[in-house]
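# Provided below are the primary sequence and the corresponding predicted coordinates.
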Amino acid sequence: MRHAPFFPFDCLILFIPLASPLGKLLTARRLLRMHIFETVELLQKHLSTLRADGHTIGFAPTMGALHEGHLALIKMANAAGHKAVASIFVNPTQFNDPKDLEKYPRMPERDAELLKDAGCEVLFMPPVQEVYPPGKDLTIQLDFGTLAQVMEGRFRPGHFSGMATVVHRLLDIVHPDALFMGQKDYQQLSIVRDMLRQIPSLIQLVMCPTLREPDGLAMSSRNMRLTPAMRANAPVIYETLLSSQKAFKTRLANFVEKEALDQLAAAGLRPEYFEIVDGVTLQPVHHYADAPLIVACTAAFAGEIRLIDNLVLKG
């Protein structure tokens, strides 16, 4: 494998084949102070050097099309004293609809710049065959029980199996000390926590608060695909969550949920679910006193774009 020539310390060292599409893309511009790898072998060699120098690793897996929410993961990893490592990998096993996979935005050069500016130390951008070597079945066989059956599990069968498999695989590659994930994908985070319990693993899972646009819309890579009309309507999701937070203190969950669904539909969205659940088990709750941690979770289509969000109602 050819390596890029060594540059002074204020320049990027590219450990990727220069003839590859990624190599051509990233050498088009000089990025500063970040190492980028395409292969597991070279990534692990570099991370071993960091550990030998006494550093710990904070890892943020992403699928690219980055926004400030992703960058906050990097900043939190740095603030905790770790060397921040990110991955960009559009995992094909997480998409139920092949068209959704095809349309998922990919902008690696822009993403690399953003990560570098946020203080990312290492970026892993592997091709599919590096994550899923041909001839190897890396699917994890864990039973997540009802955690994977409710909400997203009802509408996206197989999604969490694919998600857990790729997260497990990336953790096996990176071997981080801490894993940083966003609250916006609350059910996903809950399943990863359960996966780490079942393995078992000493990796610390850090939940990072959802970052929002000024109008309240949760930051998401999918937001850039919204039409202007749907982008104008989408903030009603957060408005509905805030309304439910206030109403649930004095009303039963089923009434609050119905009003929320009606509010979303009245704004021109097509809601799939709005559920008030125990923040640990993800099982339905009925009263404010039913659990110490309670979360409202929702998914709704704004035009053709499916958006998810959640809000802690208690805890």
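Here it is on my side, so go on. Numbering: from 1, shown residues only.

# can you give me how far stretch 153-172 is from the chain middle?
The chain centroid and the centroid of stretch 153-172 are separated by 12 Å under CA atoms, centre = their mean, to the nearest Å.

# next, the buried residues of that stretch.
153, 156, 159-171 (16 or more other CB atoms under 10 Å). Every residue, glycine included, has its C-beta placed from N, CA and C.

# so what's the most centrally placed residue in the chain up against?
Using CA atoms, centre = their mean, the residue of the chain that lies closest to the mean C-alpha position is T62, 5.4 Å off. Contact partners of T62, counting by CB atoms under 8 Å, 6 or more residues apart in numbering, are H70, L73, A86, S87, I88, F89, D111.

# among the residues you listed, which pair sits farthest apart?
Among the contacts of T62, the pair separated by the greatest distance (CB to CB) is L73 and F89, at 14.9 Å.

# neighbour count winner among the two?
L73 (26 against 19; other CB atoms under 10 Å).

# now the helices for the stretch 201-315 of the chain?
228-233, 236-247, 253-266 (DSSP state H, counting those that start in this stretch).

# and these, which is most packed in?
helix 236-247 (a mean of 19; mean count of other CB atoms under 10 Å).

# elements contacting it?
helix 253-266, strand 270-278, strand 294-302, strand 305-314 (3 or more CB pairs under 8 Å, 6 or more residues apart in numbering; DSSP states H and E).

# again, 7 Å this time
helix 253-266, strand 294-302, strand 305-314 (3 or more CB pairs under 7 Å, 6 or more residues apart in numbering; DSSP states H and E).

# for Q44, find the nearest of the ones you listed.
Nearest of the helices and strands packed on helix 236-247 (CB to CB): strand 305-314, 33.1 Å.

# relative to that closest one, what are the paired strands and their orientations?
strand 294-302 (antiparallel) (DSSP bridges).

# report the angle between the strand it pairs with and strand 270-278.
170 degrees (axes from the mean of the first three to the mean of the last three CA atoms, to 10 degrees).

# what's next to strand 294-302, contact-wise?
Residues outside strand 294-302 that contact it (CB atoms under 7 Å, 6 or more residues apart in numbering): 151-152, 155, 186-187, 226, 230, 233-234, 237, 241, 244, 264, 269-279, 285, 306-315.

# returning to what we had before: what is the nearest of the contacts of T62 to A291?
The closest of these, once distances to A291 are taken by CB to CB, is L73, at 27.3 Å.

# gap between stretch 290-300 and the chain center?
With CA atoms, centre = their mean, you get 19 Å for stretch 290-300.

# in that stretch, which residues are buried?
Here stretch 290-300 shows A291, I294, V295, A296, C297, T298, A299, A300 as buried, counting by 16+ other CB under 10 Å.

# report the contact partners of the residue lying closest to the third one once chain neighbours are set aside.
Going back to what we said before, that points to V295. Leaving aside its sequence neighbours, V295 sits nearest to G279 (CB to CB, 6 or more residues apart in numbering; 4.5 Å). With contacts defined as CB under 7 Å, 6+ apart, the neighbours of G279 are A291, L293, I294, V295, V312, G315.

# and the average pLDDT for the longest helix along the chain is what?
Across the chain, the longest stretch assigned as helix under DSSP state H is helix 159-174. The average pLDDT within helix 159-174 is 95.

# for stretch 248-264, same thing?
In this model, stretch 248-264 has an average pLDDT of 98.

# domain-wise, how is the protein divided?
If you go by automatic domain parsing, the domain ranges for the chain are 13-208, 221-314.

# and these, which one averages the lowest pLDDT?
domain 13-208 (a mean of 89).

# end-to-end on stretch 211-220?
9 Å (CA to CA, to the nearest Å).

# contact partners of it?
By CB under 7 Å, 6+ apart, stretch 211-220 touches 67-69, 72, 184, 210, 223, 234-235, 237-239, 307, 309.

# sort out which of the residues you listed are buried, if you could.
Here, 16+ other CB under 10 Å leaves 67, 69, 72, 184, 210, 223, 234-235, 237-239, 307, 309 buried among the contacts of stretch 211-220.

# now, the most widely separated pair of those residues?
Top of the distance list for the buried ones among the contacts of stretch 211-220 (CB to CB): A72 and E239, 22.7 Å.

# and for V128, the neighbour number?
Quick note: V128 (other CB under 10 Å) scores 13 neighbours.

# repeat for the one 10 residues further on
One way to gauge burial is a neighbour count; for L138, by other CB under 10 Å, it gives 13.

# now do the one 5 residues further on
Neighbourhood size, D143 [other CB under 10 Å]: 8.

# distance of it from D194?
Distance of D143 to D194, given as CB to CB, to the nearest Å: 9 Å.

# R222 too?
25 Å.

# where exactly do the strands run in the chain?
For the chain, applying DSSP state E gives strands covering 13-15, 35-37, 57-62, 83-88, 122-124, 178-182, 204-208, 270-278, 294-302, 305-314.
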